[in-house]
Each structure stands twice: as C-alpha cells, then as structure tokens.
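In: my questions are about this predicted structure, shown below with the sequence.
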Amino acid sequence: MTLKRTIVIMIFICLVDFAQADSLSVKVTNASGQAVKDAIVYLQPKSAMNVSEVSAIEIEQKNKLFNPFISVIPTGTIATFPNHDGIGHHVYSFSKSKTFELPLSEEELSQKILFDKPGVVTIGCNIHDWMVAYIYIVDTPYFAKTNSTGLANLENITPGEYELHIWHPGSIINKDSVSNITIAQSQITQEAFTLDIRPDYFWKPAPPPDLEQQEY
Ligand SMILES: [Cu+2]
C-alpha cells in the first residue's frame, strides 16, 4: 500500500568562505526529527560527467543476513557475494537495473556481478525470506550514505548545476526525493531534509526469533 504524503523539505543554505570548499553536507531526519541513517544522497550532474574509477565491493552473507544492508556504488562497480555461513544461500535479484541469480551454495562464492545500469537493486535469498539488501547504482562521482547521525558529506564537487537526490528504502514516496541545487565555488552548502518513513519499516532485517537457532 502506498500512502501519499507530502515530503516536507526544509532547505537551509549556509555559505562559508573557508575550509572544505565546494562541498555539500546533507542532514536527513524523519517526521519526528530523528536522524535517518543509511539514506542515499547523490548529486546528479545536469551535463555528462565521468564517474569515478571502477571499483569493487563485497556483500557478504553472515549469520543469515546480508552485510552491508544498504550500499551506494557508481556504475561499473563489480560486486561479489561471499557466503561465510557454511549453510546454503541462494542470492538473487529481479530488479530492473540488474537481474541475476547465484544458485544455492554453501561455498564462498567468487562469481563477479557487474552493476552497469543506474537504479535500485533489491537483493534477496530464496532460502531465507528475511534476508534483504539494497544496492543503489548511481551515474555520478558524488554520492554518500547518511551515518548514524543522519549526515552525509560530499566533497571536492565540481561547481555547477545538479539535481540533489535522496533515497531511503523506508521512504513513504518509494522513489527519489529530487531538488535542484547549485554548487558554487569555494563554498560549503548545507541542506536539511525531512523524509516520511513508513511506520512498519524495519531498520535492520532480522531472522524470525523461532528460526534463529535452526541449522539450515
Ligand atoms: Cu540465505
């Protein structure tokens, strides 16, 4: 069920003419004013821009959970999904940006998956329904994830016109919140966003209590 509620966006722009120039600091809170961690924050350039060099990440399977839970990566990143549990996992995604499947295995998988299309990829496990991870693929060198205080910092930004995107899997609008922003030379820009989070949103996936000790 999708509830349509307005995202309240409060923008404070603070200009400082020294220290880390050309940077953007974004604070994300929920409707109650609490910090929202693991929100994806990125600047989409309005003209083509080289994405940073190709990198690699690991999404491990440990204690019947994916770790990390939420990742943000540039297009061209390669991911591996090592299984440290010694029990079978069957990793898959049906998302538009990347569809793949790593058949049931108890081994440490070394298969490389290339993420070359922007968008959100939801990763699941066919054996353990609660196992979920999100990978957000972005076509920009400027991206970050909010920390436990709801803060994300983007640095060394080329001055210019951008779209500022904010995304969180618990967001009621279920898509990016987008606004236009100008990054000016030698300035630190600060913005604050309020995201409405679904009341039933789980902040961290967990196995059902009665299954936690079960060996399978
Ligand atoms: Cu599993």
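Out: That came through, no problem.
In: residues in the chain within reach of the ion, list them.
Out: Neighbours of the ion within the chain, by C-beta under 5 Å from the ion: 89, 125, 127-128, 131. In this view, the C-beta of every residue, glycine as well, is placed from N, C-alpha and C.
In: one more time with 8 Å, if that's ok
Out: 61, 64, 85, 87-91, 125-128, 131 (C-beta under 8 Å from the ion).
In: farthest pair within those residues?
Out: Within these, 85 and 126 form the most distant pair, 14.4 Å apart (C-beta to C-beta).
In: related to what we said a few turns ago, which of the residues of the chain next to the ion fall in strands?
Out: Using DSSP state E, the members of the residues of the chain next to the ion that fall in strands are 61, 89-91, 125.
In: domains of this protein?
Out: 9-49+143-195, 56-137 (automatic domain parsing).
In: and those, which one's lowest on average pLDDT?
Out: Note on these: lowest mean pLDDT is at domain 9-49+143-195, with a mean of 86.
In: quick one on the thing from earlier: can you tell me which of the residues of the chain next to the ion lies closest to residue 139?
Out: For the residues of the chain next to the ion, the nearest to residue 139 is residue 91 (24.4 Å; C-beta to C-beta).
In: who's in contact with that closest one?
Out: Listed by C-beta atoms under 8 Å, 6 or more residues apart in numbering, the contact set of residue 91 reads 61, 81, 101-102, 109, 123-125.
In: if we use 10 Å, what do you get?
Out: 59, 61, 66, 81, 83, 100-105, 109, 111, 113, 123-127, 131, 133 (C-beta atoms under 10 Å, 6 or more residues apart in numbering).
In: name whatever forms a beta bridge with it.
Out: residue 102, residue 125 (DSSP bridges).
In: and what of the one 4 residues further on?
Out: In this structure, residue 95 bridges to residue 98 when assessed by DSSP bridges.
In: that one is in contact with residue 132, isn't it?
Out: No: with contact defined as C-beta atoms under 10 Å, residue 95 does not count as touching residue 132 (11.8 Å).
In: mutual contacts of these two, please.
Out: Common neighbours of residue 95 and residue 132 (C-beta under 10 Å, 6+ apart) are 122-124.
In: ok, and the most crowded of those residues?
Out: Among the shared contacts of residue 95 and residue 132, residue 123 has the most neighbours (other C-beta atoms under 10 Å), with 24 neighbours.
In: what helix or strand does it sit in?
Out: Per DSSP states H and E: residue 123 is located in strand 119-125.
In: for stretch 104-113, measure first residue to last.
Out: Across stretch 104-113, the terminal residues are separated by 16 Å (C-alpha to C-alpha, to the nearest Å).
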